[in-house]
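Novice: after the sequence you'll find the predicted model.
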Amino acid sequence: MGQVFNRGALGIQNGSISFTGDTIKARLSRTSESLSKDATSMTGLGISATDVVVTSPTITEDQANDRIVFDHADPVFASVTGAEVDKYILFKFVTNDAGSTPIASVSIAAITPFGGDITAVVASTGAFYLQQ
């Protein structure tokens with residue numbers, strides 16, 4: 001499960017972000033990068049990497065745990081090089097980084113890129129959730 005950014009949670013709650021209707025992208029993040037939950041745009045996170053469009057987004061109610069679960073298909077990042085990564089950022093894409101809102105940081109198993117593809121396996125419990 002991931003950390004939800006304040007601006008992302010607000011956007012989902014006020015309707016300015018539609019997880020199933022907007023263009024939601026994912027971007028790998030290096031293990032060494034610390035992320036501020038208060039970031040208001042992707043520019044504010046200072047992360048530069050290749051993005052992939054998230055496919056098959058779903059939102060389900062988990063009554064047993066009193067939360068709303070956000071999930072999607074496992075994103076595949078092509079030809080990745082560089083330092084170890086252990087998370088990816090989900091964000092609403094709008095034109096460029098300055099206009100794009102971070103939604104959540106999703107933890108994945110740490111891996112050092114070797115130039116090939118990385119499939120970020122989403123936990124069976126979903127990418128992130130908001131508590132009811």
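Specialist: Looks like it came in fine.
Novice: can you pull out the strands in this protein?
Specialist: Counting by DSSP state E, one finds strands in the chain at the ranges 3-4, 24-30, 51-53, 58-62, 67-71, 76-77, 85-94, 96-111, 118-119, 128-131.
Novice: the longest one - contacts with which helices or strands?
Specialist: Contacts of strand 96-111 with other secondary structure elements, assessed using 3 or more C-beta pairs under 8 Å, 6 or more residues apart in numbering; DSSP states H and E, are made with strand 3-4, helix 6-14, strand 24-30, helix 42-45, strand 85-94, strand 128-131. C-beta here means a position set from N, CA and C on the backbone, and glycine is covered the same way.
Novice: comparing the ones you listed, which yields the minimum mean pLDDT?
Specialist: Lowest mean pLDDT within the helices and strands packed on strand 96-111: helix 42-45, a mean of 70.
Novice: for the strands of the chain, give me CSV that also has mean neighbour count and distance to Q13.
Specialist: Compiled in CSV, the strands of the chain are given as follows (neighbours: other C-beta atoms under 10 Å; distance: least, C-beta to C-beta, whole Å):
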stretch, mean neighbour count, distance to Q13
strand 3-4, 18, 11
strand 24-30, 21, 16
strand 51-53, 15, 23
strand 58-62, 13, 13
strand 67-71, 20, 10
strand 76-77, 16, 29
strand 85-94, 22, 13
strand 96-111, 18, 12
strand 118-119, 16, 31
strand 128-131, 18, 8
